[in-house]
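Participant: Predicted coordinates and the sequence they were generated for:
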Amino acid sequence: MRYIYNTRMNAEKTIADDNDGWGTDDWAALRSINYFLDHYKTVEAVTSFDAVKQYVGEALFFRAGFYFTKLKNYGDLPWAETTVGMDSEVLKAARIPRNQIVENILADLDKAVDYLPSGKGGWTGRLTKETAMALQSRIALYEGTWEKYHAADNFRPAVNKSQQFLEKAAAVSGQLIALSESTGYPALDNVGVENGYRDLFNQENYSTSKEVMFWRKYEAGAVNSIWDRYSANGAGRGATKNLVDSYLKADGKPVAAGYDDSSLQKIVENRDPRLGQTIQINDKNIIDGIRQARLYISQHLLLMVGIRKNLVQLGIRSIKGITSVMRMQGQLDKVYKR
């Protein structure tokens, strides 16, 4: 079995001594969230909870996300659900066990699910009930598996609640599946479409997507991205051979040692179809960058080593976020006609 050793999941990650992630500024987002939750009722224009419950749900969602990030780094944490002042007891209180933190997080998300609107009516740019459910399921699964596989080491909680969290993850996931079956949302995009998995990651707008529920809309001059630097030019990064070999064959079995990997096309032959839609292969469907418009991906395993500093140094270039040759051709013609 091939794998990459994960120090965090093996409870061996160390945190720097300079308040890395624990300084005053690192808790500022939580303070802002709690300040809103403490004060929204004082707004004179608020005549009923129904008028603000969507925004309360959003605040609870982001508090859950904030604590989930902290949980993954630190485990046990102080829990603050009101604005912290100079004399707040939480400043001197001991950290509480990680699974109690997760119970609080899931309770926040229970409320968020109740308060947020469904995304079935179309994209609005705001959080939805289904997004909160997806996050809740992910957090419950994370903690459930963490406690299950750390049950015998020095980092185990005093009370193991892995089963409780795994059951919660299964229940919420089941509810999402039931929603999909009864309402059609959420649902998979591009079912039966050639290269549908690849095209799930390279769209400019996901407002009509039923699968992508939480995304940031690109807007020139306002919301930008450097993803093209990583995908089009490589940025010195790429998929390792270990990652590629971890993809199963089409029949669900692992590849045998010494299989034919003499070319990129051979590598993806008879494999999980997602592999050929994740790495670039020489199939003339992907153009090798704007500056080399007519040069298609090489068949060699190690791509473009040392040709340009931004290209993949070792490994195989990712295809995620890159449009097909047909979609790029018009843009490239414009570039070369200037």
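Facilitator: Done, it's in.

Participant: In a helix, residue 158, correct?
Facilitator: No: the assignment for residue 158 is coil, going by DSSP: H, G, I helix; E, B strand; the rest coil, so no helix is present there.

Participant: what number of residues lie near it?
Facilitator: By the criterion of other Cβ atoms under 10 Å, residue 158 has 6 neighbours. C-beta: built from backbone N, CA, C; applies to glycine.

Participant: mind listing the helices for this protein?
Facilitator: Secondary structure of the chain, counting by DSSP state H: helices at 28-39, 53-74, 98-115, 129-149, 162-183, 196-199, 227-231, 241-246, 264-268, 273-276, 325-337.

Participant: Which of those sits closest to residue 317?
Facilitator: Nearest of the helices of the chain to residue 317, taken as Cβ to Cβ: helix 227-231 at 8.0 Å.

Participant: for the protein, what helix or strand is lowest in average pLDDT?
Facilitator: helix 325-337 (a mean of 41; mean pLDDT, DSSP states H and E).

Participant: Which among the helices of the chain is found nearest to residue 318?
Facilitator: helix 227-231 (6.0 Å).

Participant: ok so, going back, between the helices of the chain, which gets nearest to residue 84?
Facilitator: helix 28-39 (6.4 Å).

Participant: Tell me how far the closest residue to residue 197 other than its chain neighbours lies from residue 196.
Facilitator: Leaving aside its chain neighbours, residue 197 sits nearest to residue 277 (4.5 Å; criterion: Cβ to Cβ, 6 or more residues apart in numbering). According to Cβ to Cβ, to the nearest Å, residue 277 and residue 196 sit 8 Å apart.

Participant: Those two: who's more crowded?
Facilitator: residue 277 (19 against 14).

Participant: quick one: that one and residue 319 touch, right?
Facilitator: Yes: applying Cβ atoms under 8 Å, one finds residue 277 in contact with residue 319, separated by 6.5 Å.

Participant: I'd say residue 57 and residue 132 touch.
Facilitator: Yes: if you go by Cβ under 8 Å, residue 57 and residue 132 touch, sitting 7.1 Å apart.

Participant: Neighbour count: those two, which is higher?
Facilitator: residue 132 (27 against 24).

Participant: The more buried one reaches residue 61, doesn't it?
Facilitator: Yes: the pair residue 132 / residue 61 is scored as a contact, 5.3 Å apart, by Cβ under 8 Å.

Participant: any weak-confidence spans in the chain?
Facilitator: 1-4, 8-9, 11, 15-19, 223-237, 283-315, 323-338 (pLDDT under 70).

Participant: In TSV, list the helices of the chain along with distance to residue 214.
Facilitator: Output for these, formatted as TSV (distance: least, Cβ to Cβ, whole Å):
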stretch	distance to residue 214
helix 28-39	17
helix 53-74	10
helix 98-115	13
helix 129-149	5
helix 162-183	13
helix 196-199	18
helix 227-231	16
helix 241-246	25
helix 264-268	30
helix 273-276	21
helix 325-337	24
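
Participant: For residue 80, find the nearest of those helices.
Facilitator: helix 28-39 (6.4 Å).

Participant: CA atoms only: put the closest one into PDB for me.
Facilitator: Taking C-alpha atoms only, helix 28-39 is exported to PDB below (Å, rounded to 0.1, in the frame of the first residue of the first chain):
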ATOM      1  CA  ALA A  28     -10.400  38.200  15.900                       C
ATOM      2  CA  ALA A  29     -12.800  36.400  13.500                       C
ATOM      3  CA  LEU A  30     -14.500  34.600  16.400                       C
ATOM      4  CA  ARG A  31     -14.900  37.900  18.300                       C
ATOM      5  CA  SER A  32     -16.600  39.500  15.300                       C
ATOM      6  CA  ILE A  33     -19.000  36.500  15.000                       C
ATOM      7  CA  ASN A  34     -19.800  36.500  18.700                       C
ATOM      8  CA  TYR A  35     -20.300  40.200  18.700                       C
ATOM      9  CA  PHE A  36     -22.900  39.900  16.000                       C
ATOM     10  CA  LEU A  37     -24.700  37.100  17.900                       C
ATOM     11  CA  ASP A  38     -24.700  39.100  21.100                       C
ATOM     12  CA  HIS A  39     -26.100  42.300  19.500                       C
END
